[in-house]
Each structure stands twice: as structure tokens, then as C-alpha cells.
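**Q** Sequence and computational prediction follow.
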Amino acid sequence: MYQLLKQVFDVGIRTEPPPPPEESLRVLTQRLENEILRLFNGALAIRQVDAGSCNGCELEIHALNNPYYNLEGLGIKFVASPRHADMLLVTGPVARNMEVALKRTWEATPDPKLVVALGECGCDGGMFGESYASRGRVANVIPVDVAVPGCPPTPAAIMQGILTAISAKPAATHD
């Protein structure tokens, strides 16, 4: 114990340094904020659905809420009910056990609804594909507006996917 305490005092507490500022992230953030303000009156509600993923994509989604990406500061919030959502963010290959639940979630989301499929599994079934236990990609079960590839996709790629979905569907206004 003494050795450990001595090392802490000698070295100090080390944490990861903050990532360097990226101009592309600043531009992406500004565009995302402008589109949300224009199309959704400043607030976009997202319901995240894990349809059978390994949780790699969920870790990146959680990173979106840290101070570096600050998704909530842009007017984007995650909601617990699909009835309050403007967009579904679906991860993983759709497990047969989640097929009915995903369809019900999609049906409960008010129109106009947006769907973003995340990760290789959500886009094309990933290494699981279609089998007795998996329906494969999200588009096999519900309509998908944007697919964000990557295993897992980076938080910036997820933000770009959200921006692409809301930009491509101008009918998604709440006027």
C-alpha cells in the first residue's frame, strides 16, 4: 500500500489529455445546430433502440453526451418513450426476439419519423448476418433513412448521420 501511495504522490494523477480541437467537428456541430433549429424548432428528441448489439455503438452514443461533443447543448435529447421521439437511433442486428418490439417502437413514433441505423450490424447485419436468431440489418424490419457504417462508428460519424437524416427530410417539421 505504501508503494502505491508513494507512486501516486511522485507521479500525480494522470488522465487522458483532451483531444485537439477539430475544425471539421466545429463546422459539423454548427450545421447540426442550425438544422435542428430550422426543422425542429430547436429541439430534436431521439429514442435509441438496442436491437441486439454488442454495445460498442452504445458506448459511442454515450460519448456524444460528454462535454467535448455536447449533443444536448445542440438541442438534441434522448427520450425514454418512442411517443415523444422525432428519430429512432437503432443499433445492432435485429435479433428475432427484438423484431416485434422494434416494429412496435417504430409504429409508436409519431410521423414524420426518422430512422438512423448505426454500425456495421445495423447497416448490413455485420458478422451476424441473417440466421435463425437474427433478422440481420435494421432495414429488413423497418424503413431506414440513413445508415452509419463503422464498428463502432465514431461520435462525429453518428452526428453526421443525424445531420444527414434531418437534412434529407425537410417534411420533418413540427410547425
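**A** All right, it came through fine.

**Q** can you give me the helices in the protein?
**A** Assigned by DSSP state H, the chain shows helices spanning 2-11, 23-40, 56-63, 99-108, 119-124, 155-168.

**Q** doesn't Val49 make contact with Leu89?
**A** Yes - counting by C-beta atoms under 8 Å, Leu89 touches Val49, with 7.1 Å between them. Where you see a C-beta, it was placed from the backbone N, CA and C, and this is true even at glycine.

**Q** Have a look at this protein and report its longest strand.
**A** For the chain, the strand with the greatest residue count under DSSP state E is strand 44-50.

**Q** can you pull the contacts of the residue nearest to the spatial centre of the chain?
**A** Residue closest to the mean C-alpha point of the chain, counted by C-alpha atoms, centre = their mean, is Ile61 at 4.8 Å. The contact partners of Ile61, taken as C-beta atoms under 8 Å, 6 or more residues apart in numbering, are 48, 89, 91, 118, 155, 158.

**Q** most neighbours, which of those?
**A** Leu118 (30 neighbours; other C-beta atoms under 10 Å).

**Q** which residues pair with that residue across the strands?
**A** Thr91, Val148 (DSSP bridges).

**Q** That one and Ala156: what is the separation?
**A** The spacing between Leu118 and Ala156, counted by C-beta to C-beta, to the nearest Å, is 13 Å.

**Q** So what's the residue count around Met87?
**A** 26.

**Q** Kindly apply the preceding question to Ser131 instead.
**A** Quick note: Ser131 (other C-beta under 10 Å) scores 11 neighbours.

**Q** mind listing what the residue nearest to Ser53 when sequence neighbours are not counted touches?
**A** Closest residue to Ser53 apart from its sequence neighbours, by C-beta to C-beta, 6 or more residues apart in numbering: Gly92 at 2.7 Å. Shown here is Gly92, whose contacts under the criterion C-beta under 8 Å, 6+ apart are 50-54, 57, 119, 121-122.

**Q** now the residues you listed in JSON lines, with neighbour count and distance to Arg135?
**A** Shown next, in JSON lines, are the contacts of Gly92 (neighbours: other C-beta atoms under 10 Å; distance: C-beta to C-beta, whole Å):
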{"residue": "Asp50", "neighbour count": "18", "distance to Arg135": "14"}
{"residue": "Ala51", "neighbour count": "25", "distance to Arg135": "9"}
{"residue": "Gly52", "neighbour count": "22", "distance to Arg135": "9"}
{"residue": "Ser53", "neighbour count": "23", "distance to Arg135": "13"}
{"residue": "Cys54", "neighbour count": "18", "distance to Arg135": "16"}
{"residue": "Cys57", "neighbour count": "27", "distance to Arg135": "17"}
{"residue": "Gly119", "neighbour count": "27", "distance to Arg135": "15"}
{"residue": "Cys121", "neighbour count": "29", "distance to Arg135": "11"}
{"residue": "Gly122", "neighbour count": "32", "distance to Arg135": "11"}
